[in-house]
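Need coordinates for the below:
(chains A and B, ligands or ions: 2)
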Amino acid sequence: MGGLVQKVKLFGEYIPWFQAMRDKGAIAFDELGLPTPKTEAWKYTKLRDLNTDDLVIEPSNFLAEMRVAAEEACGCHHEDGGCGCHHHHGEGCCCGHHHEEGECHCHEEGHVCECQQKLHVPFEAYVIHFEKGKMIPPFPDFPRGVEVMNLMEAVLTEDAKEYLGKVVDIKLHPFAALNNAYMEEGIYLCVHKNVKVDKPIVLINHTKSGEENIFFNIRNLIVLEQGAEAEFVEWYNYTGAVKSRYFANVVNEIVLGKNAKLSHYKLQDEAFKANHIALSVVKQKSDSNYHNCCLQRGANIGRNEVKVLLNDENASAEVNAAYIMSGWATLDTTTDILHLSPRTYSSQLVKGVVGGEAKGVFQGKIHIAPDAVQTEGNQLHRALLLTDTAEIDVKPELEIFADDVKCSHGAASGELDENQLFYMQSRGIGREEAKQILIDAYLNEALDKVKNPEIRAWLSDYAHAPQE
Amino acid sequence: MTTPLLEIEDLHARVADKEIIKGFNLTINEGEVHAIMGPNGAGKSTLSNVICGKPGYEITSGSIRFKGKDLTKMSAEDRAREGIFLCMQYPVEIPGVAVTTFLKHSINAVRKYHNLPELDTMEFVKMVREEGKKLGIDNEMIKRPVNVGFSGGEKKRLETLQMNILKPSFAILDEADSGLDVDALKVVAEGMNALRDGKRSMLIITHYQRLLEYVVPDFVHVYADGHIVKSGDKTLAAEIEKDGYAEYTRER
Ligand SMILES: Nc1ncnc2c1ncn2[C@@H]1O[C@H](COP(=O)(O)OP(=O)(O)O)[C@@H](O)[C@H]1O
Ligand SMILES: [Mg+2]
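Residues are numbered from 1 along each chain as shown, chains lettered A, B, ... in the order given. Ligands and ions are numbered 1, 2, ... in the order given. Here you go, the predicted structure:
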């Protein structure tokens, strides 16, 4: 059996309030169905390449853990127990290949396990590892006032109960409904009142070659209490020569208390045949600030959707993004900023570079409610088309129901400037290198919005890394 | 006899289906400084672009050889790496690319072509500071994006800085003096003179004599209607300054 809807046994079915959310998700998805070309919110991103028929949801780690809880020894095929990687009992070797007994070289002396090599975060951070959508213990030690658990733990303790499923409206988002139906993996992060987290918290999801056709769902709930401050980074990483096909469906629910400040960064670097669909919904109290920047550079269909509800006065949000792609990919950046109170502020800068026969999609909506006066919302999308076959579809929408507001939007696309290229060539810089310099500069305009210089440099490195 | 540095023979070139260069001949030997003077629209910038390999220009006949090699078959970047530098009449703005980043890419690309190791950051910074200082270019300026918001004088100074760093064996200066006040002109002229070592050659393209008072040429050519109509020494420049180009353009 395969596909997006399948029967899988998940942990926590006996918890009524929680299981009810899963059931509602399944029903909502059944009613909504997959978006079609007629679905307005998915007008430009065609899902026919999603190829969901043979997708498989892997068995629950939580249930497996209960079964093997009594076992002490490592269940995988490394004989001396020297297995240093974080993968779970009973899983294959971390290098993704299925070896005959004794053929695995990844634990020979001097060999650094591929997953550890690639999971290196080049800045000081609290790092939480996921592998193909499943959390891999241990958690780092967090300072006082920062509570991090896997989602199921937060369900058991009921810490997640207040907000889980209440930030996102699954009736509007079919993939979020689907995410509800399989809710199990993900993290719960809560930063207590006035606590400022000293280092970024990084969630890395690592997928490797050989893991074809897996469908996984990640659900994160992030709560910043009044006056709390944190940086949260999502990193969707893929390693391997084989272009594996899988589907990652991610939903983040984010709640910002009064005067809370969250910087939220993301790198979508999935396999080129994989699909990645993500939705972040942010609810903001007064004086809070949400600062977001996402770089998409992988996936066949990649969609990053951010919806911000500026619920109270003086809440502000900055939603920036960059994307770089070639081949046949579709990368979609969708934003929906709702100004629901007076004196709320938002700004967006999205920049993309599209090559090959790829397609960039930007849908940006700014909604200003009737009483949201003295509000300011700005939006700018710009794209660079590297080939004649590259395509860009843009849909800016302004819904303004209040007077006395400042609102702007703009969209432009163009090609590399021949005069700039020649100027650089006349200084000895090769034409291809010159193009790369111009592309870097183009994307950096959006990435420069990242406040943390180390994270900015990290993203910027990925923005110009040569694409396979 | 040694090979001339640059040898242009019976060159014909067109841009946008319009023939601009018509039977142009010029030979420049090592160490020589030539000046080309001509009225606006004569095709001076077109000539420099053709020599440097700017796309969009079509050579219909004739030849350009540099150090004995056929230039017309080389990419623009290889011509630069071989030692040709074009100091542009209208330097191009490159938003988002800092002057330092740009210079570093440029120097290292040229070094790599000659199988030299890349400059390390310390060496590079030191060199840019020293050369910049001579031209009145401060640290703040080299952190700014290339030519963005630069005044006319700043742009020409940056061109001169690049030339002095790349140390080309042949520099074409297209209206290097345009838009400069006297002080800036002197600074740029000093930069140019600094490169005159008896081996390097220059082609100074100008509309006025002004710059030639500071960088004195060995030969002066009058260029009109796509080719050289008269050649002489520096006194020819003074003559033109006095009488204008009317005599040479009348035939058109
Ligand atoms: N890209 C182009 N397309 C069409 N005409 C051009 C182009 N570049 C130059 N020209 C024409 O060629 C002639 C010579 O221009 P140019 O070389 O800039 O002259 P100069 O530098 O001597 O003032 C002018 O008539 C100009 O309009
Ligand atoms: Mg000119």
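
Could you look up the next helix or strand downstream of the helix or strand of chain A with the lowest mean pLDDT?
None of the helices or strands of chain A scores lower by mean pLDDT, DSSP states H and E than helix A:114-118, at a mean of 48. Where DSSP states H and E defines the elements, the next helix or strand beyond helix A:114-118 is strand A:126-131.

which helices and strands sit right next to that following strand?
strand A:134-136, strand A:201-208 (3 or more CB pairs under 8 Å, 6 or more residues apart in numbering or on different chains; DSSP states H and E). C-beta coordinates here come from the backbone N, C-alpha and C atoms, glycine included.

ok, now with 6 Å
Using 3 or more CB pairs under 6 Å, 6 or more residues apart in numbering or on different chains; DSSP states H and E, the elements in contact with strand A:126-131 are strand A:201-208.

what angle sits between the strand it packs on and strand A:126-131?
If you take axes from the mean of the first three to the mean of the last three CA atoms, to 10 degrees, strand A:201-208 sits at 20 degrees to strand A:126-131.

May I have the strands that pair with strand A:201-208, each with its orientation?
Paired strands of strand A:201-208, with direction, are strand A:126-131 (parallel), strand A:229-239 (parallel) (DSSP bridges).

measure whatever residue of the stretch 51-200 of chain A ends up closest to chain B to A:His291 for me?
Evaluated by CB to the nearest CB, the stretch 51-200 of chain A has A:Pro122 as its residue closest to chain B, separated by 19.1 Å. Per CB to CB, to the nearest Å, A:Pro122 is found 21 Å from A:His291.

Helix or strand for residue 183, just tell me which one.
Using chain A here. Here A:Met183 sits in a region with no helix or strand, counting by DSSP H and E.

Sorry, I should have been clearer: chain B.
Assigned by DSSP H and E, B:Asp183 falls within helix B:182-194.

Give me the average confidence score over that helix.
For helix B:182-194, mean pLDDT is 88.

ok, how many other residues are close to the residue of the stretch 51-200 of chain A closest to chain B?
Other residues near A:Pro122 come to 10 when the count uses other CB atoms under 10 Å in any protein chain shown.

now the closest residue to it other than its chain neighbours, what's its secondary structure?
The spatially closest residue to A:Pro122, leaving aside those adjacent along the chain, is A:Trp458, at 5.5 Å (CB to CB, 6 or more residues apart in numbering or on different chains). Recorded secondary structure, A:Trp458: helix (DSSP: H, G, I helix; E, B strand; the rest coil).

mind checking pLDDT for B:Lys22?
Note for B:Lys22: predicted pLDDT of 95.

Whatever helix or strand it lives in: what's the following helix or strand?
Using DSSP H and E, B:Lys22 sits within strand B:18-28. Downstream of strand B:18-28, the first helix or strand assigned by DSSP H and E is strand B:33-37.

Let me see the ranges of the helices in the chain.
Chain wasn't specified; assuming chain A. With DSSP state H, the ranges of helices along chain A come out as A:16-32, A:61-68, A:114-118, A:151-156, A:174-181, A:418-425, A:431-447, A:453-464.

My question was about chain B, not that one.
For chain B, the helices defined by DSSP H cover B:44-52, B:76-81, B:99-113, B:121-134, B:139-143, B:152-166, B:182-194, B:234-243, B:246-249.

Just list whatever residues bridge to A:Ser316.
On the basis of DSSP bridges, A:Ser316 is bridged to A:Asn289, A:Tyr345.

one step back: which one of the helices of chain A lies nearest to A:Asp198?
For those, proximity to A:Asp198 was assessed by CB to CB; helix A:453-464 is nearest, at 13.4 Å.

Quick check: buried residues in that closest one?
For helix A:453-464, a neighbour-count test (16 or more other CB atoms under 10 Å in any protein chain shown) marks A:Ile455, A:Arg456, A:Trp458, A:Leu459, A:Ser460, A:Tyr462, A:Ala463, A:His464 as buried.

so what's the fourth one up against?
The one in question is A:Leu459. The contact partners of A:Leu459, taken as CB atoms under 6 Å, 6 or more residues apart in numbering or on different chains, are A:Leu295, A:Leu447.
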